[in-house]
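Engineer: Mind folding the following:
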Amino acid sequence: MLLALILFYLFAPLRTNILLLGTDDAPERGSVGRTDTIILATVVPLKPYVGMLSIPRDLWVSVPGVGEQRINTAYFFAESQEPGAGSGAALQTIRDNFGVPVRYYTVIHMFGLASVVEALGGVDINLEAPIGGFPAGVHHLNGEEALRFVRERSSGDDFSRMVRAQILLSAMFRKALSPSYWMSLPQFIYSITQVIETNIPAWQWPRLLFALVRAFVFGIDSQTITREMVIPFQTSQGAQVLAPNWEAIKPLLRRMFGG
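Structural biologist: Below is the predicted model of the structure:
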């Protein structure tokens, strides 16, 4: 009976959706930043399936309590008015616009990303083409290099930035889940708890981590909202933003998140 309960807990076909947010806050800018990295993730342990959908920060959507705005401002406006409210506002914005039922979030403060990568002993990325100021090939990045890789702006746009964020995140997952690194996991776990905020309950973590370990073998479905799924335009205030083409986006949402 106990074994059956454990197996049900680990393999129950219950989908868990999580909103991953990377804020651009820094000590010199203050603690409230915009969410320049927005990834809607989903985990189905039974398959196993782990999917990550990157969303452009300049996507023009309806932000609850604000109106039409860039999607990366939902967290900023709410957090500025009431500390701790930003994550809930970002979740509601995703639910309202994307129609995906998501109630869990993880906020990663980007100024602390370097320390997390250092705790991993650096990460290896394999680039098929030049991106983020790095040539094609395999690169070992330390903490500062990883942060520079994600934030680099001069050689790419928001779409390039989304790809780089997924490349780095996948590299960190691979390193953390590699059996050769497990002896050093406590240091990594401690370092990451210093730079993230999350409402994922403790009972969820073992089944999510188990699914991630299996995804290490089966792979992660990394997707982005592409240029073909948006329509660039200029607002009346002169801002360059992206209107979502929902006819192109919704089939991808159905494939990744069901419904």
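
Engineer: Distance from the longest helix along the chain to the middle of the chain?
Structural biologist: Across the chain, the longest stretch assigned as helix under DSSP state H is helix 158-177. Its chain's average C-alpha position is 9 Å from that of helix 158-177, according to Cα atoms, centre = their mean, to the nearest Å.

Engineer: what ranges do the strands span in the stretch 151-259 of the chain?
Structural biologist: For the stretch 151-259 of the chain, the strands defined by DSSP state E, counting those that start in this stretch occupy 196-198, 221-224, 230-234, 240-244.

Engineer: before we move on, back to that, tell me which residues in the longest helix of the chain are buried?
Structural biologist: By neighbour count on 16 or more other Cβ atoms under 10 Å, the buried set for helix 158-177 is 158-159, 161-177. For glycine as for every other residue, the C-beta is placed from the backbone atoms N, C-alpha and C.

Engineer: Out of the strands of the stretch 151-259 of the chain, which gets nearest to residue 19?
Structural biologist: Smallest distance to residue 19 across the strands of the stretch 151-259 of the chain (Cβ to Cβ): 10.1 Å, for strand 196-198.

Engineer: Against which helices or strands is that closest one packed?
Structural biologist: If contacts are counted by 3 or more Cβ pairs under 8 Å, 6 or more residues apart in numbering; DSSP states H and E, strand 196-198 sits against strand 104-109.

Engineer: Can you name the next helix or strand after the strand it packs on?
Structural biologist: Per DSSP states H and E, the first helix or strand lying C-terminal to strand 104-109 is helix 113-119.

Engineer: Report the angle between the helix or strand encompassing residue 93 and strand 104-109.
Structural biologist: Under the criterion DSSP H and E, the helix or strand holding residue 93 is helix 86-98. Here the directions of helix 86-98 and strand 104-109 differ by 120 degrees (axes from the mean of the first three to the mean of the last three Cα atoms, to 10 degrees).

Engineer: List the contacts of stretch 215-232.
Structural biologist: Contacts to stretch 215-232, defined as Cβ atoms under 8 Å, 6 or more residues apart in numbering, come from residues 47-56, 59, 159, 162-163, 166, 170, 173-174, 177-178, 240-245, 248-249, 252, 256.

Engineer: Narrow those to those that are buried.
Structural biologist: Neighbour counting over the contacts of stretch 215-232 (16+ other Cβ under 10 Å) leaves 48-56, 59, 159, 162-163, 166, 170, 173-174, 177, 241-242, 244, 249, 252, 256 as the buried ones.

Engineer: what stretches of the protein score poorly on pLDDT?
Structural biologist: Residues of the chain meeting the criterion pLDDT under 70: 1-13, 25-32, 154-156, 216, 259.

Engineer: for it, which strand is longest?
Structural biologist: strand 35-44 (DSSP state E).

Engineer: CA atoms only: put that strand into CSV for me.
Structural biologist: Output of strand 35-44 as CSV, limited to C-alpha atoms (Å, rounded to 0.1, in the frame of the first residue of the first chain):
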residue,chain,number,x,y,z
THR,A,35,10.3,40.8,-15.4
ASP,A,36,12.5,40.7,-18.5
THR,A,37,12.5,36.9,-18.4
ILE,A,38,9.0,35.3,-18.5
ILE,A,39,8.7,31.6,-19.0
LEU,A,40,5.5,29.6,-18.6
ALA,A,41,6.5,26.0,-17.6
THR,A,42,4.5,22.9,-17.4
VAL,A,43,5.3,19.5,-15.8
VAL,A,44,3.4,16.2,-16.3
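
Engineer: Sheet partners, orientation included, of it?
Structural biologist: Strand 35-44 pairs in its sheet with strand 16-23 (antiparallel), strand 49-54 (antiparallel), by DSSP bridges.
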